[in-house]
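Undergrad: Mind folding the following:
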Amino acid sequence: MSVTAGQRARRSLTLTADHVKTFAQLTGDYNPLHFDPEFAGRTKFGKLVVQGGLTTGLLHALVAMDLPGPGSVFLSQNWKFAAPVFIGDTITAEAEVVSVHPTKPVYQLRIDVKRQTGETVLEGEAWCYRLAPSGTPPPGD
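TA: Purely as a prediction, here's the structure:
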């Protein structure tokens, strides 16, 4: 598949307490904001918040599996968290190709992640590179 400006892809995930627990086991992020309902209740969020890495992890899957697709890696990311994500939220990440490098498999993406209510929780841009097995061009390019 050739990657062109204007292409879009999206991917959704409903985040659970098990996701939060597994992420903490992998990374060591046991912030009480994610695990202690009393602590979280005293913050501006009012309840347990999902680690930001789970939100951005959905973007990694989107880029690696959907657009640009298998073999893709991030070169850079510039995004901001606009709102917290809570346990039980379904988030949908969307990427749109803004530009394609004329001679390399490098792509600029506009990034947006929304919760099921339509509220934006993350937005920004990223640059990616699509690798190919040694000696072969990237798929579709």
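Undergrad: buried set for stretch 63-72?
TA: Buried residues in stretch 63-72, defined by neighbour count with 16 or more other C-beta atoms under 10 Å: V63, A64, D66, L67, P68, G69, S72. Where C-beta positions appear, they are placed from N, C-alpha and C, glycine not excepted.
Undergrad: Among those residues, which ones are in strands?
TA: S72 (DSSP state E).
Undergrad: can the buried residues of stretch 63-72 go into TSV with extra columns for distance to Q51 and pLDDT?
TA: What follows is these, written out as TSV (distance: C-beta to C-beta, whole Å; pLDDT from 0 to 100):
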residue	distance to Q51	pLDDT
V63	19	96
A64	19	94
D66	22	95
L67	24	95
P68	26	94
G69	26	92
S72	23	94
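Undergrad: I'd like the buried residues of stretch 63-72 written out as JSON lines, with distance to A126 added.
TA: Putting those into JSON lines (distance: C-beta to C-beta, whole Å) gives the following:
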{"residue": "V63", "distance to A126": "7"}
{"residue": "A64", "distance to A126": "12"}
{"residue": "D66", "distance to A126": "13"}
{"residue": "L67", "distance to A126": "11"}
{"residue": "P68", "distance to A126": "11"}
{"residue": "G69", "distance to A126": "14"}
{"residue": "S72", "distance to A126": "10"}
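Undergrad: And the helices in this structure?
TA: Remark: helices assigned in the chain by DSSP state H are 17-27, 32-35, 37-41, 52-65.
Undergrad: do you know which of those lies nearest L109?
TA: helix 52-65 (7.3 Å; C-beta to C-beta).
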